[in-house]
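Engineer: give me a model of this one.
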Amino acid sequence: MSPEIIHQLIVTGIVLLGTVAGWLIVNRSVAHWVEKIGIGDSIPDTERRQRATTLWGGIRRVMLVVVGIVVVLTVMNIWDIPIGSFIAIGSAVGVAVGFGAQSVVKDVIAGFLILVENQFAIGDVVKIAGVAGSVQEMRLRVTVLRDLDGYVHFIPNGTITVASNYTSLFARVVVTVGISYSSDVDRAIQVMGDELSAMAEDHPTEILEPPQMLGVEELGDSAVSLRALMVVGPQDRWAMRREALRRIKKRFDSEGIVIPFPQVTVHMPPPPMAAPPA
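Structural biologist: The predicted model follows:
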């Protein structure tokens with residue numbers, strides 16, 4: 001084996017080992033930063049980590065492609081393989097693919113803007129493109145959601161025109177309960193407000209502000225609707241709503257306040273009269 005080939009092998013090994021070592025160092029450093037620092041002191045730790053993890057996931061995929069191309073071109077240059085023709089062919093192929101893959105480019109750009117603008121992050125519960133679920137992964141081209149039934153949805157980022165984030169910073173829980181028209185409205189409002197206040201004392205970390213008893217919301221066909229509002233943690237929206245309804249139902253039962261339910265009155269026609277005997 002000639003000295004020149006040995007030199008090329010050594011340089012190639014150094015390039016590959018240096019690339020792998022550098023990539024591992026960057027990965028470990030960013031993972032440590034995500035765990036310890038986050039992004040901004042005014043944002044809760046959980047959301048900071050979600051945002052940092054999501055942003056790093058997108059940047060890492062772009063870096064993998066760029067680093068891979070640079071390493072391949074570097075190794076080709078070490079082995080004196082002409083790269084001018086490859087660059088020319090790659091440019092031509094890139095132009096052709098660019099015309100035929102405009103939707104892919106649109107998806108990639110839209111995904112990058114979602115990350116930069118922090119519209120949502122991994123772990124958030126969102127509704128996008130008519131699908132609601134938890135964000136499992138954010139790729140360059142698609143966002144992966146898992147809904148409540150466990151189905152996984154792959155949504156191209158370019159199709160996302162409106163993104164509703166259910167778990168950003170805090171959530172509001174609207175609790176609406178109907179009572180019968182025969183019940184004392186003022187008493188029901190007081191009981192419902194007292195029960196929600198007691199619930200807030202039992203869940204100080206989940207309920208961020210004192211509950212607001214808004215009062216009568218609607219005079220319906222068969223019920224008077226009472227409404228209250230609670231501000232809770234971003235991930236506690238559903239659990240706190242279920243707990244509030246459970247406690248209100250038990251308290252209303254003990255206080256004799258009736259929650260109406262649909263009832264149907266059936267009127268039977270009288271039986272036909274028998275014909276008189278002939």
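Engineer: going by C-alpha atoms from here, please, whenever you check contacts or count neighbours.
Structural biologist: Fine.
Engineer: in this structure, where is pLDDT below threshold?
Structural biologist: Applying pLDDT under 70 to the chain flags residues 1, 34-52, 54, 58, 85-86, 90, 92-101, 263, 274-278.
Engineer: 50 instead, please
Structural biologist: Within the chain, the ranges that satisfy pLDDT under 50 run 38-43.
Engineer: quick check: phi and psi at Val258.
Structural biologist: Torsion angles at Val258 (phi, psi; degrees, to the nearest 10) stand at phi -90, psi 130.
Engineer: what distance do you get for it to Arg247?
Structural biologist: Val258 sits 14 Å away from Arg247, going by Cα to Cα, to the nearest Å.
Engineer: how about the helices in the stretch 1-150 of the chain?
Structural biologist: 3-36, 45-78, 84-100, 102-117 (DSSP state H, counting those that start in this stretch).
Engineer: could you pull out the buried residues of the shortest one?
Structural biologist: Of the residues in helix 102-117, Ser103, Val104, Val105, Lys106, Asp107, Val108, Ala110, Gly111, Phe112, Ile114, Leu115 count as buried by neighbour count, 16 or more other Cα atoms under 10 Å.
Engineer: wait, the fifth one sits on Arg139?
Structural biologist: No - with contacts counted by Cα atoms under 8 Å, Asp107 stays clear of Arg139, the gap being 9.9 Å.
Engineer: A helix includes Met199, no?
Structural biologist: Yes - counting by DSSP: H, G, I helix; E, B strand; the rest coil, Met199 is found in a helix.
Engineer: so who does it touch?
Structural biologist: Contact analysis of Met199 by Cα atoms under 8 Å, 6 or more residues apart in numbering lists Ala244.
Engineer: now do 10 Å
Structural biologist: Gly193, Ile207, Pro210, Pro211, Met240, Glu243, Ala244, Arg247, Ile248 (Cα atoms under 10 Å, 6 or more residues apart in numbering).
Engineer: wait, isn't the third one in contact with Glu201?
Structural biologist: Yes - taking Cα atoms under 10 Å as the definition, Pro210 is a contact partner of Glu201 at 9.0 Å.
Engineer: more crowded one of the two?
Structural biologist: Pro210 (17 against 12; other Cα atoms under 10 Å).
Engineer: wait, a helix at that one?
Structural biologist: No - using three-state DSSP, the assignment for Pro210 is coil, not a helix.
Engineer: give me the distance between it and Ala198.
Structural biologist: From Pro210 over to Ala198 (counting by Cα to Cα), the distance is 10 Å.
Engineer: likewise for Asn77?
Structural biologist: From Asn77 to Ala198 the distance is 73 Å (Cα to Cα).
Engineer: same check, this time on Val126
Structural biologist: 30 Å.
Engineer: who has more neighbours out of these two?
Structural biologist: Higher neighbour count among Val126 and Ala198: Val126, with 22 against 13, using other Cα under 10 Å.
Engineer: beta partners for the more buried one?
Structural biologist: Gly133, Asn165 (DSSP bridges).
Engineer: coming back round to it: so what's in contact with Asp107 and Arg139 at the same time?
Structural biologist: In contact with both Asp107 and Arg139: Pro156, Asn157, using Cα under 10 Å, 6+ apart.
Engineer: ends of stretch 121-128, how far apart?
Structural biologist: 13 Å.
Engineer: again with stretch 206-222
Structural biologist: 34 Å.
Engineer: measure the closest residue in space to Leu55 that isn't next to it in sequence to Gly158 for me?
Structural biologist: In this structure, Leu55 finds its nearest non-sequential neighbour in Leu115, 5.7 Å apart by Cα to Cα, 6 or more residues apart in numbering. Separation of Leu115 from Gly158 (Cα to Cα): 13 Å.
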